[in-house]
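> Provided below for reference: sequence and predicted model.
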Amino acid sequence: AAQRQKADIVAATANAEDQADRAAALAAKELEVQDALRRLRSGEEELQQRRQQVEADAGAASASAADAQARLAEAAAKERDLQERSKHIEALEQEATARRQQADDAAAAAITRQNDHMAAIAAKEAELEEGIQRVRAGEDELEKQQQ
């Protein structure tokens with residue numbers, strides 16, 4: 001039974017390590033998401049600068065008004081695309097947070113199971129030690145009776 005409990009502890013430990021690996025993978029994914037967010041923000045600033053340039057060009061050259069409108073439309077399309085990407089990244093962040101929480105919960109549960117197994121083993125060891133002490137006391141008593 002003690003060996004089975006030790007095997008259970010080994011399995012729980014492997015499970016906890018697996019959960020820790022998953023948590024590390026989620027942390028790496030979160031770094032990727034943060035990097036993508038940084039690039040997105042940089043792209044938004046660049047888009048804003050481009051939009052301002054387009055507007056300045058339209059005001060300065062009435063002859064190229066049609067061209068300027070085309071650039072504005074392109075900038076608006078890029079802005080919509082960036083907004084969609086931003087929504088997607090936010091969804092990924094929420095998913096990563098949820099997965100990280102699941103991994104944390106699973107790791108906590110695995111640690112609790114491991115602690116429960118360790119407590120059960122300690123109790124069994126105490127029972128065995130108590131039984132050994134009773135056997136030794138019985139042997140001592142038998143030896144006294146034989147003398």
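Perfect, I can see it now.
> What helix or strand is the residue most central in space within the chain located in?
Centre of the chain computed as the mean C-alpha position; nearest residue by CA atoms, centre = their mean is R100, 2.7 Å away. Assessed by DSSP states H and E, R100 sits inside helix 65-146.
> Give me the helices and strands touching that helix, please.
helix 2-60 (3 or more CB pairs under 8 Å, 6 or more residues apart in numbering; DSSP states H and E). Where C-beta positions appear, they are placed from N, C-alpha and C, glycine not excepted.
> Who are the packing partners of the helix it packs on?
For helix 2-60, the packing partners by 3+ CB pairs under 8 Å, 6+ apart are helix 65-146.
> how much space between R71 and D57?
Per CB to CB, to the nearest Å, R71 is found 7 Å from D57.
> same check, this time on D18
From D18 to D57 the distance is 58 Å (CB to CB).
> now do R100
Going from R100 to D57 by CB to CB gives 46 Å.
> same check, this time on K124
For K124, the distance to D57 equals 82 Å [CB to CB].
> With Q94 instead?
The gap separating Q94 from D57 is 39 Å, by CB to CB.
> A109 now?
Distance, A109 to D57, by CB to CB: 61 Å.
> again with D105
55 Å.
> So for those two, which residue has more residues nearby?
Neighbours per residue (other CB atoms under 10 Å) separate D105 from D57, with D57 holding more: 15 against 11.
> Wait, the more buried one touches A70, no?
No - counting by CB atoms under 8 Å, D57 does not reach A70; the two are 11.1 Å apart.
> In the chain, where is pLDDT below threshold?
Applying pLDDT under 70 to the chain flags the ranges 58-59, 61-65, 68.
> run the last query once more with 90
The model of the chain has pLDDT under 90 over residues 1-3, 8, 43, 51-72, 139-147.
> Could you report the neighbour count for Q3?
Residues lying near Q3 (other CB under 10 Å) number 7.
> That one and A120, how far apart?
Note on Q3: its distance to A120, by CB to CB, is 13 Å.
> Do I have it right that R71 meets Q52?
No - using CB under 8 Å as the test, R71 is too far from Q52 to be in contact (11.3 Å).
> of these two, who's got more company?
Between R71 and Q52, counting by other CB under 10 Å, R71 is the more crowded of the two (17 against 11).
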